[in-house]
Every structure is written in C-alpha cells, then in structure tokens.
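A.B. asks: need a structure here:
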Amino acid sequence: MAKGITRQRIVEAALDVLDEGGADAVTVRAVARRLGVQAPALYWHVRSKQELLDEMGTEIQRRVQRRFDAEPSWHWRDGMLAYARILRREYLLHRDGARTFSGTRLTDPEVLRAQEPWLARWTTDGLTLADVVAAAELVTAFVVGFVIEEQERAQSAMADPARYAIEERDAAIGDRTPLARAAGHVRETDDARFERQLDIVAAGLTATFGR
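C.D. replies: Predicted structure coming up:
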C-alpha cells in the first residue's frame, strides 16, 4: 500500500478529476496521476473504476446525510422535499454529478445505518416501510433525471451559446402551430422549474398515501 494514500484522499482526488474533466475522465489511472502515484498503488483501496465510482457516490451520500441530519425532525412529506433539495444541491456541486453518482452502491454501512432514525420516524407517521422506500426511490429518480438534464443543457449552452436560441426555435417552427411555438417561451429558472415539478411529485405522494 502506497504511503499516505487513503480511501478519503482517493475520493477527493477523484472528485477533482470529475470536476475538471467530467464523468468520462474519471479513471483509476487519472486519479493515480492526480495523486502522483502509479495506478497499482490504488488497487489496495479500489480495484476498478466501478469501485471508485461507488466510493465517490458513498461520499456524496454521506454529505447528504450530514446535511439532512442537521435539520429538524420532519414529517415524512416535508422530509422527502428536504431530501430532494439537499440531493440536488450536492449533485450540482460537481460536474456531471447526477450522471456520475446515480446507480452507485453505498460501501459504508454507517451511511445505511444513519437512515434508521428517519425510517423509524416516518413509519410512525403512518406509512409502511414499503411506502417510505417507494417514496424515497421516486424522489431520488426525479432529482437524478432533473439534474442530469439541467447539467447537460448548461454544459451544452456553455459550449455553444446559440444552441437553445429562442429565435432560431421560433423560425424553425413557424406560425402554423402557435401553441408549440409559445411553449418555448414558457421559461423559468432552473430553481423555479425544480420547485414547481417537485411540488407535483409531492402532491402525487400525498394523494397516494393520503397522510
């Protein structure tokens, strides 16, 4: 094992690589170069790119949990909304954050154990454990999809500022389909769109569970 190389240092270096080059740039070799060592020096801690991504995803979830635990003990619906907002903020801190961290496996049992107080609280709010899991999975899927689109559009617009020009869209559509044309002018900030759509998700959850 290379002297001074820890799992935490590897994850921090991997996040730096991600922020500089995006998801496709994250490899064990790239992280090793960032740390000034050869790739085999990291294999004591991570044996593949997938294990590296799992460690990165676990660290992000750890940060989400810390922020979540710092807040009051919410009713389940308010807790789900807060979780969605915290998760989005953490994903947005890193380039390709949602695409990189979604689907990763949590490697730290403590991160899983930290869910216990919230599961206990929300199941006493009247939901079954299956309800809580379904609601959390739905909210997570919404956030991941929203942020992937949000980040991809922002990066595309940065590379080509005219890519989403409304004038070009209007010219391409023409005047014969006024609603389709007007739809392109219904514009909100990313934050406003997120909150509007999260409210719709929350309304669906409330209607489904009725509590």
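A.B. asks: Now for the chain: which helix has the highest residue count?
C.D. replies: Using DSSP state H, we find that the single longest helix of the chain is helix 129-159.
A.B. asks: Can you name the element that comes right after that one?
C.D. replies: Next helix or strand after helix 129-159 toward the C-terminus (DSSP states H and E): helix 166-173.
A.B. asks: next helix or strand past that next one?
C.D. replies: As assigned by DSSP H and E, the chain's next helix or strand after helix 166-173 is helix 178-183.
A.B. asks: on contacts alone, who are the packing partners of the longest helix of the chain?
C.D. replies: Counting contacts by 3 or more Cβ pairs under 8 Å, 6 or more residues apart in numbering; DSSP states H and E, helix 129-159 packs against helix 76-92, helix 97-101, helix 116-124, helix 190-209. Placement of C-beta: from N, CA and C, glycine included.
A.B. asks: swap the cut-off to 6 Å and go again
C.D. replies: helix 76-92, helix 97-101, helix 190-209 (3 or more Cβ pairs under 6 Å, 6 or more residues apart in numbering; DSSP states H and E).
A.B. asks: What residues sit buried inside the longest one?
C.D. replies: This points to helix 190-209. 190, 194, 198, 201-202, 205, 209 (16 or more other Cβ atoms under 10 Å).
A.B. asks: closest to residue 23 among these?
C.D. replies: Using Cβ to Cβ, residue 190 is the member of the buried residues of helix 190-209 that sits closest to residue 23, with 19.7 Å.
A.B. asks: low pLDDT regions in the protein?
C.D. replies: 1-3, 73, 211 (pLDDT under 70).
A.B. asks: can I see the domain layout of it?
C.D. replies: 1-47, 59-209 (automatic domain parsing).
A.B. asks: Can you check the distance spanned by the last one, start to finish?
C.D. replies: One end of domain 59-209 sits 32 Å from the other (Cα to Cα, to the nearest Å).
A.B. asks: how near is the residue lying farthest from the centre of the chain to residue 183?
C.D. replies: Residue farthest from the centre of the chain, counting by Cα atoms, centre = their mean, is residue 176 at 39.4 Å. Applying Cβ to Cβ, to the nearest Å, the value for residue 176 to residue 183 is 14 Å.
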